[in-house]
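Student: Sequence below, structure please.
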Amino acid sequence: DSPDIKEEVLRKDDRFLTLLKDVYVESTEPPVRVKDGGGEHLPCKQEEKRLTKLGHLEALDVKTVPKGKISIVEALTLLNNHKLQPQIWTAEKIAAEYSLELKEVNSLLEFFIPFTVQEFPKETKKAIKSHKPKQLT
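Tutor: Numbering: from 1, shown residues only. Predicted structure coming up:
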């Protein structure tokens, strides 16, 4: 905050400037070569996107995904549709609807099965008959 220090910092010293002009740097190392990674990390082209098909579940997931991929909510939806109506939601229809490879859809349908929640009606539940508790004396 001292004005003397500020003045000293901002002052140009002509003697140092002339010495600095005489400085010359020469590099003796060979030039660095950039490794060619085959462009694997550089995007080749703009990735084509598609809007998701979520319906009323749209707020739960992403809005766009790259073609050839699906979101989690879409995966669960198409697996459930195939499980409930396999004659309508065939692998070919799913591949066309979601812009996927048929081979990948077949693998998806074979290896991923959504859980089924089953609730038993009350009349079929076996109730444990309670015994009168023994009195401790």
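Student: residue boundaries of the strands in this protein?
Tutor: Using DSSP state E, the strands of the chain run over residues 49-51, 64-66.
Student: Average pLDDT for the last one, rounded please.
Tutor: To tie it back to what came earlier, the one meant is strand 64-66. The average pLDDT within strand 64-66 is 77.
Student: where does the chain dip in pLDDT?
Tutor: The chain contains residues with pLDDT under 70 at 34-63, 120, 123-137.
Student: can you give me the helices for it?
Tutor: Shown for the chain, the helices assigned by DSSP state H span residues 3-10, 14-21, 72-84, 91-98, 102-111.
Student: Make JSON lines from those and add distance to P121 and mean neighbour count to it.
Tutor: C-beta coordinates here come from the backbone N, C-alpha and C atoms, glycine included. Converted to JSON lines, the helices of the chain look like this (distance: least, C-beta to C-beta, whole Å; neighbours: other C-beta atoms under 10 Å):
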{"stretch": "helix 3-10", "distance to P121": "86", "mean neighbour count": "8"}
{"stretch": "helix 14-21", "distance to P121": "92", "mean neighbour count": "8"}
{"stretch": "helix 72-84", "distance to P121": "21", "mean neighbour count": "16"}
{"stretch": "helix 91-98", "distance to P121": "33", "mean neighbour count": "16"}
{"stretch": "helix 102-111", "distance to P121": "31", "mean neighbour count": "14"}
